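>>> just the structure for this:
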Amino acid sequence: MELSLQNITKFYFKNLALDRFSVHLTPGIYALLGPNGSGKSTLMNILTDNLKADSGTVMYTNDAGISENILKMGERFREKIGFMPQYSGFYPNFSAERFLWYIASLKGLDKNTATLQIPEVLAAVELSDVANHRIGTFSGGMKQRLAFAQAILGDPEILILDEPTAGLDPRQSVSIRNYISEIALDKIVLIATHVVSDIEYIAKEVIVMKKGTIAAKGSPSLLAKNMEGMVWQVTVPSEEVSEMQMFYRVTNISVPPTDANHVILRILSGHKPTSDAKTIVPTLEDYYLYTFGTEIL
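I've put the predicted structure just below:
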């Protein structure tokens with residue numbers, strides 16, 4: 001199974017959202033990283049047929065090696081997709097279970113399959129105990145988990161997730177992340193997120209988007225390696241923090257447990273910021289923050 005996007009271009013009036021975007025996807029987890037306006041949501045809406053590209057093609061190749069344009073496949077392609085949009089709409093008077101039965105009907109699942117899968121996906125997102133509660137009574141995090149449950153219902157070949165852990169507490173985020181890893185062996189999973197830690201250890205490839213194009217692409221470790229020698233740890237008196245922030249990109253501030261008069265700064269810089277600065281191991285988040293700076297704010 002493969003997805004091949006070739007020269008996908010999309011305009012919103014005169015604004016170019018995707019500029020001849022091309023990428024080849026095979027089973028595994030891919031992360032889309034980029035600031036707001038980089039084209040991530042536009043790309044996902046084109047893949048899910050919620051939006052038409054102005055030009056370019058998306059080719060789907062099945063396990064038998066037969067390739068087809070997804071626009072010609074129509075419903076046959078949509079049946080292969082599970083989509084979790086960033087902002088999901090729910091019927092507040094539906095229970096979680098009833099909502100999933102509704103989604104199962106839209107996806108064309110037979111009754112026996114739905115009967116087996118609905119309890120499984122509710123358990124996977126830790127909503128079994130509120131399966132019969134009205135969605136209108138759910139917290140934001142519970143609704144987010146239900147949105148993920150409807151996406152994985154039907155065991156789709158292609159899973160497209162827009163900010164899947166937004167609003168979840170750390171334990172729930174880890175649980176969803178681990179579940180995605182478990183089911184991704186035979187699926188193409190595309191995750192758009194601003195939470196770099198969500199994908200740093202599970203994505204086989206990160207696609208960094210900027211103004212509708214691919215600014216960089218590679219494994220998380222490869223992209224982080226680009227920051228070697230550019231991530232520093234500096235200890236300074238507390239009163240010097242503001243000055244350091246004026247001249248350097250400070251990404252973290254912590255207080256030593258034994259010295260309340262000093263702080264430890266994590267700094268991204270192409271040169272050594274102070275004489276006693278020490279280089280430290282870079283992360284994918286360092287690369288992201290260095291690449292986009294204030295664009296992500």
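
>>> helices of this protein, start to end?
40-47, 70-73, 75-78, 96-106, 111-124, 140-152, 170-183, 220-225, 241-247, 284-292 (DSSP state H).

>>> average pLDDT for the last one?
When pLDDT is averaged over helix 284-292, the result is 91.

>>> so for that helix, what gets flagged as buried?
For helix 284-292, a neighbour-count test (16 or more other CB atoms under 10 Å) marks 284, 285, 286, 287, 288, 289, 290, 291, 292 as buried. In this view, the C-beta of every residue, glycine as well, is placed from N, C-alpha and C.

>>> closest one to residue 28 among the helices of the chain?
Proximity to residue 28 (CB to CB) singles out helix 170-183 among those, at 10.2 Å.

>>> next one: that closest one to chain centre, how far?
Centroid separation for helix 170-183 versus its chain: 12 Å, with CA atoms, centre = their mean, to the nearest Å.

>>> what's the answer for stretch 176-195, then?
Centre-to-centre, stretch 176-195 and its host chain are 8 Å apart (CA atoms, centre = their mean).

>>> got the buried residues for it?
Of all the residues in stretch 176-195, those buried under the rule 16+ other CB under 10 Å are 176, 177, 180, 184, 187, 188, 189, 190, 191, 192, 193, 195.

>>> and that stretch, how far apart are its ends?
Using CA to CA, to the nearest Å, the end-to-end distance of stretch 176-195 comes out at 13 Å.

>>> shaky segments in the protein?
Counting by pLDDT under 70, the chain has low-confidence residues at 294-297.

>>> which of the buried residues of stretch 176-195 fall within strands?
When these are checked against strands (DSSP state E), the matches are 188, 189, 190, 191, 192.

>>> does the last one touch residue 45 like I think?
Looking back up the chat, that one is residue 192. No - checked against CB atoms under 8 Å, the pair residue 192 and residue 45 is beyond contact range at 10.9 Å.

>>> hmm, back to that, between the buried residues of stretch 176-195, which is nearest residue 112?
Closest to residue 112 out of the buried residues of stretch 176-195 is residue 187 (22.4 Å), distances taken as CB to CB.

>>> quick one: that closest one and residue 30 touch, right?
No - contact criterion CB under 8 Å: residue 187 and residue 30 do not qualify, at 10.9 Å.

>>> per the record, what domains does the chain have?
Using automatic domain parsing, the domain parsing of the chain gives 1-80+157-221, 88-156, 229-281.

>>> what is the end-to-end distance of the second one?
The reference is to domain 88-156. In domain 88-156, first residue to last residue: 18 Å (CA to CA).

>>> pull the distance from that domain to the chain's centre.
Going by CA atoms, centre = their mean, where domain 88-156 is centred and where its chain is centred differ by 21 Å.

>>> one more: the shortest one?
For domain 229-281, the distance from its own C-alpha centre to the chain's C-alpha centre is 30 Å (CA atoms, centre = their mean).

>>> equivalent analysis for stretch 56-76, please.
24 Å.

>>> show me the contact partners of that stretch.
Contact partners of stretch 56-76, identified using CB atoms under 8 Å, 6 or more residues apart in numbering, comprise 1-9, 20-22, 46-47, 49, 77, 80.

>>> can you do 7 Å?
If you take CB atoms under 7 Å, 6 or more residues apart in numbering as the criterion, stretch 56-76 is touched by 1, 2, 3, 4, 5, 6, 7, 8, 9, 47, 77.
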